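Visitor: based on what follows, work out the 3D shape:
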Amino acid sequence: MRIPSFILLTLLAPVAAAHWNGDRADGHAPISVTGDHLHKAGEWMLSYRYMGMAMDGNRQGDERLSDAQAFAEIPGMGMMNMKALPVDMQMHMHMLGGMYAPSDNVTLMLMLPYASNDMTIKRQMMGNDQGEFSTKSAGLGDLSAGALVNLFRADTVRAHLNLSIGLPTGSITEQDDTPMGKQQLPYAMQLGSGSYELRPGLTVLGQLPSWSWGAQMMGRFALDENDQGYEVGNRYQLSGWIARGLNDWSSVSLLVRKHWWQDIDGAAKDLTISPNMNPAANSELQAGQRTDVGLGLNVLGRAGSVKGHRLAIEFLLPVQQHIDGPRLETDRTLVVGWQKAFK
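Guide: This next block holds a predicted model:
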């Protein structure tokens, strides 16, 4: 069996032949990975990320459902057996980030998101189609504040802890007009969790002469019940990636990421949409898991006005999804970002 050349290079390249260099094009992780590196004492970094996610069609377990199949799984509500099925959702997030290193072993981090969501919903009444409508929400999300703490640092391998808390700055009472009047929107359309969150993680990084690699495990855990009487379920994310420098100023990356998320504990007390009518409003149909594969490009400015500026793009596609449903599945994700470090 022929072994791909990049695997041979990774296995056989002399690790001791290189020293850590954060000023390589592949010196940062793919742009969808946050909190991937520490800074030197006194150094600052500003960053901006845009993430766009498209969700189209419904899934139950491992199976993609037609609209007719998904409607058949909804219990319905009232004498007229009213049903509402989300069929499309576009999610956009803008993330501003700041880092500052008071020492070589600790980097402080702050991230503030702004999110906008647009969901299209089809209606049925007594089995007859009643057309579709859209709902929207937009505003600040939950602020994240914390630190990256060095655990291990060698010539070509290093590891650090990701220690952050989430602050409930995002709204959990978003409303919009519907054919049944103004209603509080379901969970996926809210802008925050409403709870203080613990967000721990571990990141391991490595470099070879022409390659770099990394792995990161992150979790999010609600610490209290929010004002609406529920807690967002625990969420976990495991990422692994490799990157290859193309030249002095650019690199490409391949990432694999596994997501797990649990059901919501409790139910929104002011939610005006019946969980029997719309699965997006059912707190017991929120769990799932997904595996994404991402291709990325990092570009590092080397001279003139662009020196030190990093631009990156990453496109992610799901290769596996298992969802409590019927609920919307993820189709694709695009992440674009800019980073600049300075003293």
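Visitor: whatever helix or strand residue 217 lives in - what's its average pLDDT?
Guide: Assigned by DSSP states H and E, residue 217 falls within strand 211-222. Strand 211-222 shows a mean pLDDT of 98.
Visitor: can you check stretch 109-123 too?
Guide: 98.
Visitor: how far is that stretch from where the chain is centred?
Guide: Its chain's average C-alpha position is 12 Å from that of stretch 109-123, according to CA atoms, centre = their mean, to the nearest Å.
Visitor: same question, stretch 103-121
Guide: 9 Å.
Visitor: and for stretch 148-156?
Guide: 25 Å.
Visitor: what mean pLDDT would you report for the longest strand anywhere in the chain?
Guide: The residue-count maximum for a strand in the chain (DSSP state E) belongs to strand 309-342. Taken as a whole, strand 309-342 has an average pLDDT of 97.
Visitor: for residue 147, give the beta-bridge partners.
Guide: Here residue 147 sits in beta bridges with residue 108, residue 163, as judged by DSSP bridges.
Visitor: how close does it sit to residue 38?
Guide: 10 Å (CB to CB, to the nearest Å). Where you see a C-beta, it was placed from the backbone N, CA and C, and this is true even at glycine.
Visitor: so residue 305, which state does it fall into?
Guide: Following DSSP: H, G, I helix; E, B strand; the rest coil, the label given to residue 305 is helix.
Visitor: list residues touching both of residue 147 and residue 38?
Guide: Counting by CB atoms under 8 Å, 6 or more residues apart in numbering, the contacts common to residue 147 and residue 38 are 106-107.
Visitor: okay, these two: which has more neighbours?
Guide: Shown here are residue 147 and residue 38; by other CB atoms under 10 Å, residue 38 has more neighbours (25 against 19).
Visitor: pretty sure that one is touching residue 109, no?
Guide: No. In this structure residue 38 lies outside contact range of residue 109 using CB atoms under 8 Å: 9.9 Å.
Visitor: quick check: neighbours shared by the two?
Guide: Common contacts of residue 38 and residue 109 (CB under 8 Å, 6+ apart): residue 148.
Visitor: the strand holding residue 217 - which strands sit beside it in the sheet, and in what orientation?
Guide: Strand pairing for strand 211-222, determined by DSSP bridges: strand 197-207 (antiparallel), strand 235-245 (antiparallel).
Visitor: show me which residues of stretch 213-226 are buried.
Guide: Neighbour counts over stretch 213-226 (16 or more other CB atoms under 10 Å) mark 213-222, 226 as buried.
Visitor: mind putting these into TSV with distance to residue 180?
Guide: TSV is the format used below for the buried residues of stretch 213-226 (distance: CB to CB, whole Å):
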residue	distance to residue 180
213	52
214	48
215	47
216	43
217	43
218	38
219	38
220	33
221	35
222	30
226	25
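Visitor: tell me which of those is nearest to residue 254?
Guide: Ranked by distance to residue 254 (CB to CB), those are led by residue 213 at 10.1 Å.
Visitor: list the contacts for that closest one?
Guide: Residue 213 sits next to 10, 205-207, 240-243 when contact means CB under 8 Å, 6+ apart.
Visitor: ok, and the most crowded of those residues?
Guide: Most neighbours among the contacts of residue 213, by other CB under 10 Å: residue 243, with 26 neighbours.
Visitor: that one and residue 332: what is the separation?
Guide: As for residue 243, its distance to residue 332 is 21 Å (criterion: CB to CB).
Visitor: in space, what's closest to residue 98 - neighbours in sequence excluded?
Guide: Take residue 98 and drop its neighbours on the chain: the residue closest to it by CB to CB, 6 or more residues apart in numbering is residue 110, 4.9 Å away.
Visitor: list the buried residues of the helix or strand harbouring that neighbour.
Guide: Using DSSP H and E, residue 110 sits within strand 106-125. Neighbour-count burial for strand 106-125, counted by 16+ other CB under 10 Å, picks out 106-107, 109, 111-113, 115, 117, 119-124.
Visitor: let me have these in JSON lines, extended by distance to residue 190.
Guide: Shown next, in JSON lines, are those (distance: CB to CB, whole Å):
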{"residue": "106", "distance to residue 190": "33"}
{"residue": "107", "distance to residue 190": "30"}
{"residue": "109", "distance to residue 190": "24"}
{"residue": "111", "distance to residue 190": "18"}
{"residue": "112", "distance to residue 190": "17"}
{"residue": "113", "distance to residue 190": "13"}
{"residue": "115", "distance to residue 190": "9"}
{"residue": "117", "distance to residue 190": "9"}
{"residue": "119", "distance to residue 190": "12"}
{"residue": "120", "distance to residue 190": "17"}
{"residue": "121", "distance to residue 190": "16"}
{"residue": "122", "distance to residue 190": "21"}
{"residue": "123", "distance to residue 190": "21"}
{"residue": "124", "distance to residue 190": "25"}
